[in-house]
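>>> My questions are about this predicted structure, shown below with the sequence.
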Amino acid sequence: MRTARLTIASLALVLATAACAAGTSESPNEPVKLTVGLGFFQSVQFAQFYLAEKAGYYRDAGLAVELINKIDPELVTLVGQGAVDIALADGTSVVPAVSQGIPIRYGATIYADFPNVVFAPGATGITTIADLEGRKIGTPGRYGSSWIMLQALLGDAGLTPEDVELVLFPDFSQRACVERGECDAATGFANNEPVVLGLAGGDPVVLSVDDIVPLVGNGLIVGESTLATKGDALRRFVAATLRAEEEIIADPEKGLEAAITRIPELASDRETQLAVLRATIEMWQDETTTSSGLGALDRAGWAAMLAFIAALPDSPVAEPVTVDQLLTDDLLSPS
């Protein structure tokens with residue numbers, strides 16, 4: 001990973017130097033303001049953004065970054081409207097959004113591995129997908145990456161959502177339902193709920209979609225109009241973020257400390273937070289990032305996912321779209 005780390009650090013320096021020497025389309029003398037959307041709540045899983053903020057990488061890149069937290073559907077809409085400049089969103093959300101005319105593009109991979117899974121305590125006796133039949137499964141709702149993943153999982157065992165009892169948790173509290181024994185299983189992130197449950201002695205079983213269909217993980221999305229007006233600033237933001245990501249891969253404790261600076265209450269359970277972060281770091285990397293660097297776009301994976309989502313019985317794809325309509329290479333290109 002040393003080569004990729006040097007490449008990203010060099011890119012960050014080139015972009016920052018170019019901004020100082022030549023200015024930007026917005027203003028050569030003042031920091032460019034960027035509103036950045038992350039997930040529903042603050043978490044150690046966003047450590048690279050917190051480290052880039054704490055270490056001054058955003059500031060040094062001529063940026064004034066505001067980090068906000070909202071659910072995925074809201075962020076997709078706000079980015080499309082230009083109200084949020086750039087955001088972390090599910091790859092699976094980009095396909096239906098673009099097909100419905102929302103002008104967004106996915107420009108940098110953060111989760112190289114698709115993180116969504118179904119997890120269950122070992123005591124439930126659930127060991128295979130078929131064991132989910134007739135069981136209570138907690139999930140945020142019938143939308144987004146968890147919903148698409150769940151359909152793929154069930155379909156591989158010849159089941160449909162009607163063969164299970166769905167319990168909806170719009171506030172993303174489904175893990176508590178499992179811990180209380182009120183749900184047999186739940187959807188979640190491989191680097192979060194199963195990790196926490198395992199540390200508590202729950203001996204979780206994790207059912208993954210990886211061997212069934214390739215789905216694209218979370219990444220950074222931008223609005224087409226914002227990309228046109230703030231392209232230089234957005235590229236500097238991505239370079240600074242990936243620089244921080246590389247540093248956390250090399251030293252997870254550095255990422256944990258940045259997260260604690262941003263969210264002091266995380267210090268009360270460092271062991272759990274570090275375990276979640278280490279599991280998250282594993283999901284940032286795969287063969288594509290190893291060969292092409294962090295943030296690289298896997299176009300073949302996008303093509304396979306697009307075909308799968310379009311073929312779903314109740315597909316959210318309103319109008320046909322192509323991979324080129326979903327992705328942009330501009331965020332990873334030097335100014």
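Structure received. Numbering: from 1, shown residues only.
>>> Residue 35 and residue 223: what is the separation?
11 Å (CB to CB, to the nearest Å). C-betas here are computed from N, CA, C, even on glycine.
>>> where along the protein do the helices fall?
Ranges of helices within the chain are 2-22, 47-54, 57-60, 72-81, 91-99, 144-156, 174-179, 193-199, 224-250, 252-262, 270-283, 287-292, 299-310, 323-326, based on DSSP state H.
>>> can you list the domain ranges for this structure.
Each domain of the chain is listed here as a residue range: 2-113+216-332, 116-208, per automatic domain parsing.
>>> Next, report how far the longest one is displaced from the centre of its chain.
What that stands for is domain 2-113+216-332. Relative to its parent chain, domain 2-113+216-332 has a centroid offset of 8 Å by CA atoms, centre = their mean, to the nearest Å.
>>> Equivalent analysis for the shortest one, please.
Taking CA atoms, centre = their mean, one finds the center of domain 116-208 at 19 Å from the center of the full chain.
>>> For that domain, measure first residue to last.
Using CA to CA, to the nearest Å, the gap from the first to the last residue of domain 116-208 comes to 7 Å.
>>> still on that earlier bit, now the helices of the chain in TSV, with mean pLDDT?
Formatted as TSV, the helices of the chain follow (pLDDT from 0 to 100):
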stretch	mean pLDDT
helix 2-22	43
helix 47-54	98
helix 57-60	98
helix 72-81	96
helix 91-99	95
helix 144-156	92
helix 174-179	93
helix 193-199	94
helix 224-250	98
helix 252-262	98
helix 270-283	97
helix 287-292	92
helix 299-310	93
helix 323-326	97
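>>> export the ones you listed to JSON lines and tack on mean neighbour count and distance to residue 217?
Compiled in JSON lines, the helices of the chain are given as follows (neighbours: other CB atoms under 10 Å; distance: least, CB to CB, whole Å):
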{"stretch": "helix 2-22", "mean neighbour count": "16", "distance to residue 217": "18"}
{"stretch": "helix 47-54", "mean neighbour count": "25", "distance to residue 217": "14"}
{"stretch": "helix 57-60", "mean neighbour count": "20", "distance to residue 217": "23"}
{"stretch": "helix 72-81", "mean neighbour count": "20", "distance to residue 217": "12"}
{"stretch": "helix 91-99", "mean neighbour count": "24", "distance to residue 217": "6"}
{"stretch": "helix 144-156", "mean neighbour count": "22", "distance to residue 217": "8"}
{"stretch": "helix 174-179", "mean neighbour count": "20", "distance to residue 217": "19"}
{"stretch": "helix 193-199", "mean neighbour count": "20", "distance to residue 217": "16"}
{"stretch": "helix 224-250", "mean neighbour count": "23", "distance to residue 217": "14"}
{"stretch": "helix 252-262", "mean neighbour count": "20", "distance to residue 217": "18"}
{"stretch": "helix 270-283", "mean neighbour count": "18", "distance to residue 217": "7"}
{"stretch": "helix 287-292", "mean neighbour count": "14", "distance to residue 217": "11"}
{"stretch": "helix 299-310", "mean neighbour count": "17", "distance to residue 217": "9"}
{"stretch": "helix 323-326", "mean neighbour count": "16", "distance to residue 217": "14"}
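>>> right, and these - which one's nearest residue 111?
Closest approach to residue 111 among these is made by helix 270-283 (5.1 Å; CB to CB).
>>> pLDDT wise, what is residue 1 at?
In this prediction, residue 1 carries a pLDDT score of 35.
>>> which residues are contacting stretch 82-92?
34-39, 46, 68, 72, 75-76, 78-79, 106, 110, 114, 144-145, 148-149, 215-223, 225-226, 230, 234, 237-238, 302, 305, 309 (CB atoms under 8 Å, 6 or more residues apart in numbering).
>>> Now with 6 Å, please.
34-38, 72, 75-76, 78-79, 144-145, 148, 216-218, 220-223, 225-226, 234 (CB atoms under 6 Å, 6 or more residues apart in numbering).
>>> For the residue lying closest to residue 217 once chain neighbours are set aside, which residues are in contact?
Leaving out its chain neighbours, the residue that sits closest to residue 217 by CB to CB, 6 or more residues apart in numbering is residue 111, at 3.0 Å. By CB under 6 Å, 6+ apart, residue 111 lies in contact with 217-218, 283.
>>> and if we set it to 8 Å?
The contact partners of residue 111, taken as CB under 8 Å, 6+ apart, are 217-219, 283-284.
>>> so which two of those residues are the farthest from each other?
Spatial extent of those (CB to CB) is set by the pair 219 and 283 at 11.8 Å.
>>> which ones are touching the closest residue in space to residue 298 that isn't next to it in sequence?
Spatial nearest neighbour of residue 298, chain neighbours left out: residue 288 (4.7 Å); criterion: CB to CB, 6+ apart. Neighbouring residues of residue 288 by CB under 8 Å, 6+ apart: 109, 112, 296-298, 301.
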